[in-house]
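Student: Got a predicted structure plus its sequence, pasted below:
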Amino acid sequence: MRRRSPSLTKKEAVDTRVHPFYLPPIPDMPPIPSPSGLLTSPWNHNVPSRSEDRLPTLSHYRNNSQRSRAGSESVARASSSHHHLPPPPVLPVERPPSYTVIRIPDTPATYTFLQEESTLGSMLVIPTPDAPDPRPIYRIAINHEPFLPTCMVTVIIKAPTDQRLPVGRFRTMISQPTHPTQLVSIHGREHKLSDVFSRSDKRKRTHYFDWGVKTSKNSVSLRWSCPDWPSAGTFSCSDPSDETRMFATFSVSENGLQHPADPRTNLEPPRLTVKPVGHFLLDDIILSLLLLERQRLTASMESSIRLDRRSSKFIP
């Protein structure tokens, strides 16, 4: 008969025979103080503990690894940007476009209106050959309105610049070339013809025309004096408040606008002489001058038609 161990009871001996890998129960251990000061048991997992006393989980290790990886990347970027300077700028192969510098002359300057031979319906305003810069200062183009062929559109463009900046424009109806409701645009703003250009006074045969936006206090104000209207001659542009303060003069012959570029006609082309103070108002002077010539030539044509009708009545 097998001898029993003196420390096992009869029931425990039976269990040992049934379960050969039986382990004896672990005795109770005394509580161990935690770092937070609370008494916890190493074997009892049902005892509540604070969050800082719990063992770290897998997600905790993942978050820490992501933070460390992001921090190392930011440090690497900072170090690379600190040690590696940006590359030097690449210089263009071609030279940049030159800017047009308009110099105000100290003496009166004369400009000529010449029709452009290569382009129909185009006119250039050019200085005299002895000028420091002989390039054209304005280009004047005339075209038909696409939706209304009986309407002509005149556009004034700054000439030597490549940007082709429009200074102003106006529309002309062939049937009524001086209708007051026709539109005039100056520096991007559109106005009625009667609001910017109109006849102001008449002294005998001298007619006066005023230029300026009536609804604006900062508008440029000009006055054109035209003796022997509507005949050709020399017209003067001055300050409306002081007519002795001259800005420019315009001279045109009777047939000067017909073929001014043709040397066989021996006609002197129209000329504009601008004083130094007038160069600050040159855009307004050019635009108002074109409107003035349009009204003068229209009135001259109507006067010629009336004279022809009168003379035809006396022909037997």
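Tutor: Now that the structure is in, tell me what you want to look at.
Student: hey, let's count contacts and neighbours off CA atoms from now on
Tutor: Fine.
Student: List the residues that contact the nearest residue to Tyr138 once chain neighbours are set aside.
Tutor: Excluding the flanking residues, the one nearest Tyr138 by CA to CA, 6 or more residues apart in numbering is Ala159, at 4.3 Å. Taking CA atoms under 8 Å, 6 or more residues apart in numbering, we find Ala159 in contact with 135-139.
Student: Out of these, which sit inside strands?
Tutor: 138-139 (DSSP state E).
Student: Write a PyMOL command that selects only the buried members of the contacts of Ala159.
Tutor: Provided next is the PyMOL selection string for whichever of the contacts of Ala159 are buried by 16 or more other CA atoms under 10 Å:
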select buried, resi 136+137+138+139
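Student: Need the contacts of Ala159 in TSV (columns: distance to Tyr208 and pLDDT).
Tutor: Output for these, formatted as TSV (distance: CA to CA, whole Å; pLDDT from 0 to 100):
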residue	distance to Tyr208	pLDDT
Arg135	32	89
Pro136	29	91
Ile137	27	92
Tyr138	25	93
Arg139	27	92
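Student: Okay, now stretch 216-224: how far is its last residue from its first?
Tutor: 20 Å (CA to CA, to the nearest Å).
Student: Report the buried residues of it.
Tutor: Those would be 221-224, for stretch 216-224 by 16+ other CA under 10 Å.
Student: any chance of those in TSV, plus pLDDT and distance to Gly188?
Tutor: Output for the buried residues of stretch 216-224, formatted as TSV (pLDDT from 0 to 100; distance: CA to CA, whole Å):
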residue	pLDDT	distance to Gly188
Ser221	94	18
Leu222	96	19
Arg223	96	22
Trp224	97	23
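Student: Thr112: which of the residues you listed is nearest?
Tutor: Nearest to Thr112 out of the buried residues of stretch 216-224 is Trp224 (CA to CA; 18.6 Å).
Student: three-state assignment of the closest one?
Tutor: On the three-state scheme (DSSP: H, G, I helix; E, B strand; the rest coil), Trp224 is labelled strand.
Student: which stretch of helix or strand covers Gln295?
Tutor: Taking DSSP states H and E as the definition, one finds Gln295 inside helix 282-313.
Student: Now do that helix against strand 222-226, angle only.
Tutor: 30 degrees (axes from the mean of the first three to the mean of the last three CA atoms, to 10 degrees).
Student: Which elements pack onto helix 282-313?
Tutor: Secondary-structure packing of helix 282-313 (3 or more CA pairs under 8 Å, 6 or more residues apart in numbering; DSSP states H and E): strand 166-173.
Student: can you rerun that using 6 Å?
Tutor: Packing partners of helix 282-313 (3 or more CA pairs under 6 Å, 6 or more residues apart in numbering; DSSP states H and E): none among the helices and strands.
Student: Can you name the residues that contact Pro180?
Tutor: Applying CA atoms under 6 Å, 6 or more residues apart in numbering, we find Pro180 in contact with 193-194.
Student: Just put the buried residues of stretch 216-224 in CSV and tack on distance to Ser303.
Tutor: Listed next are the buried residues of stretch 216-224 as CSV, based on distance: CA to CA, whole Å:
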residue, distance to Ser303
Ser221, 29
Leu222, 27
Arg223, 24
Trp224, 21
